[in-house]
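K.L.:
following is a predicted model, sequence given first.
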Amino acid sequence: MSEGQNGLMKLKGKIVDIQNKRIYKGEITVVDGNIASIVDKEHDIEHYILPGFIDAHIHIENSMLVPSEFAKLAVKHGTVASVSDPHEIANVLGVKGVEFMIKNGKEVPFKFNFGAPSCVPATSFESAGAVIDSEDIKKLMANPDIKYLAEMMNYPGVLFEDKEVLKKIAWAKHYNKPIDGHAPGLRGEDISKYISAGISTDHECFTYEEGLEKLQKGMKVIIREGSAAKNFEALIDLLPEHFENMMFCSDDKHPDDLLVSHINNLCARAIAK
């Protein structure tokens, strides 16, 4: 690596080209923190340069850290972005909590893709500090900083066509934003109906067969391996054939675990397989 004047930096290494599925010797020119060019170039440097990792589904709050502090730990493991559901803080503070997460995340050059929590409270039996209804979802969906409707945990509400649930889904569709899923154990006609509502992902698969059915029906399946739930071993054998529709996530990552590793560990384990 060499750095010159005017914020110019050149990086040499074996470049991992994900899009074209190749690895080649090359040089990357960075100007003022932005990649200006990537070219083939012969050299004797053996280290690899590859795109940063993305946690495809996580609740930042479970790291016990605000987004800006979470980023400082995650980036050390090569993570540069996350798809984050601020459900936990919304359960306490509602929309104000979501707005805090967005604002704090902007303090660092980490790409937090925040969603609008779809189920606050998670169930009607909870004594939560706030409620996010369909009108709140409408306002959140209009915010360009909100990238998607976060995990639709109320799958019974989808299956039984609860009006409030369907309104939330409708506002996501109105703003052309993806709808994240949460459907543990849902199979057969139930998962078909859940998918037909417009829900495109699931990180709650516990078995190979469940993951395979959801993939075959068009869902994107996220392999979850966090501090609490661990589904890597059950689902990893789906990856060779279905890699274009699968991702890695941690869902919940406690601070002591985040100090040790993040998505990099799942990639290493996948390669070891």
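P.N.:
Yes, it's here.
K.L.:
what's around the closest residue to Gly211 other than its chain neighbours, how many residues?
P.N.:
Among residues not flanking Gly211 along the chain, Cys205 sits closest, at 4.1 Å (CB to CB, 6 or more residues apart in numbering). (Glycine included, C-beta is placed from N, CA and C.) Residues lying near Cys205 (other CB atoms under 10 Å) number 26.
K.L.:
now Ser192
P.N.:
Residues near Ser192, counting by other CB under 10 Å: 13.
K.L.:
equivalent analysis for Asn143, please.
P.N.:
Per other CB under 10 Å, the neighbour tally for Asn143 reads 15.
K.L.:
which residues touch it?
P.N.:
Ile102 (CB atoms under 8 Å, 6 or more residues apart in numbering).
K.L.:
all helices for the stretch 101-250 of the chain, in order.
P.N.:
Counting by DSSP state H, counting those that start in this stretch, one finds helices in the stretch 101-250 of the chain at the ranges 134-141, 155-159, 163-174, 188-196, 208-216, 232-235, 239-242.
K.L.:
out of these, nearest to Lys10?
P.N.:
Across the helices of the stretch 101-250 of the chain, Lys10 has its closest neighbour in helix 239-242 (34.5 Å, CB to CB).
K.L.:
if we can go back for a sec, so which of the helices of the stretch 101-250 of the chain gets nearest Gly33?
P.N.:
Of all these, it is helix 134-141 that lies closest to Gly33, at 30.2 Å by CB to CB.
K.L.:
and the closest one, what does it pack onto?
P.N.:
helix 95-105, strand 111-116, strand 146-152, helix 163-174 (3 or more CB pairs under 8 Å, 6 or more residues apart in numbering; DSSP states H and E).
K.L.:
list the buried residues of the longest one.
P.N.:
It refers to helix 163-174. By neighbour count on 16 or more other CB atoms under 10 Å, the buried set for helix 163-174 is 165, 168-169, 171-172.
K.L.:
equivalent analysis for stretch 255-264, please.
P.N.:
Judged by neighbour count (16+ other CB under 10 Å), stretch 255-264 contains these buried residues: 258, 261-264.
K.L.:
likewise for stretch 169-188?
P.N.:
Applying 16+ other CB under 10 Å to stretch 169-188 flags 169, 171-172, 175, 177-183, 186 as buried.
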